[in-house]
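# The sequence and its predicted three-dimensional model are supplied below.
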Amino acid sequence: MMDKNINISNILSLFRIMAAPVVMFAIILDRMQFALILFIIVALTDLFDGYIAKKLKEETRLGYILDKVADKVLIGLAFVGLLVKYNMVKWIFVMGIVTLVYVIFGIDFLKKEHKPILFGRAMVSLQTITIVLFMINFIYRWILLWITIVLTAIVGIVYIYRLVKEIVHKK
């Protein structure tokens, strides 16, 4: 009998995780057309993995975690690639600290399922659109980047607030 964790949805999430560094290096090496095509393909798998899991009744705890990790890894490494490409290396340090805080809080957060906040899913979509528009040199990409950064910070603060509140109420 096959392990229930080995299913199409989890394979798609693993594909996103494995493709993320390829996207990052393609951006850094200025292989923008390849990076763009791969990023779009990989980002689209995010739309299908949850749907497939529900449709085939293959939802697993591992799948839930893989999906969340894959989202963060793909978006995070694509942004790192853009930061390196546009010589904004100091922001990698800031992003590293934010990621560390996110991971520290996220470990406990992943232990059980949580309702996403209102803008959480929209945030991933905005980040994805921002990355794509950066790759095609959209004229207002810098404005969109700062809007995305501010909104991402707000969503992150709300998630951390909810988690801290939850931890405090446990004790």
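Sure thing, it's come through. Numbering: from 1, shown residues only.

# so what secondary structure elements neighbour whichever strand or helix holds residue 126?
Using DSSP states H and E, residue 126 sits in helix 120-135. On a contact count with 3 or more Cβ pairs under 8 Å, 6 or more residues apart in numbering; DSSP states H and E, helix 120-135 meets helix 32-55, helix 61-85, helix 141-170. Quick note: C-beta positions are derived from backbone N, CA and C, even for glycine.

# Centre of the chain to it, how far?
10 Å (Cα atoms, centre = their mean, to the nearest Å).

# Only C-alpha atoms, please: export that helix in PDB.
Extracted C-alpha coordinates of helix 120-135, given in PDB (Å, rounded to 0.1, in the frame of the first residue of the first chain):
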ATOM      1  CA  GLY A 120      -3.300  36.400   3.600                       C
ATOM      2  CA  ARG A 121      -4.200  34.700   0.300                       C
ATOM      3  CA  ALA A 122      -4.400  38.100  -1.500                       C
ATOM      4  CA  MET A 123      -1.000  38.900  -0.200                       C
ATOM      5  CA  VAL A 124       0.600  35.800  -1.900                       C
ATOM      6  CA  SER A 125      -1.100  36.800  -5.100                       C
ATOM      7  CA  LEU A 126       0.100  40.400  -4.800                       C
ATOM      8  CA  GLN A 127       3.700  39.200  -4.100                       C
ATOM      9  CA  THR A 128       3.500  36.900  -7.100                       C
ATOM     10  CA  ILE A 129       2.200  39.600  -9.400                       C
ATOM     11  CA  THR A 130       4.900  42.000  -8.100                       C
ATOM     12  CA  ILE A 131       7.600  39.500  -8.900                       C
ATOM     13  CA  VAL A 132       6.300  38.900 -12.400                       C
ATOM     14  CA  LEU A 133       6.000  42.600 -13.100                       C
ATOM     15  CA  PHE A 134       9.500  43.100 -11.900                       C
ATOM     16  CA  MET A 135      10.700  40.400 -14.300                       C
END
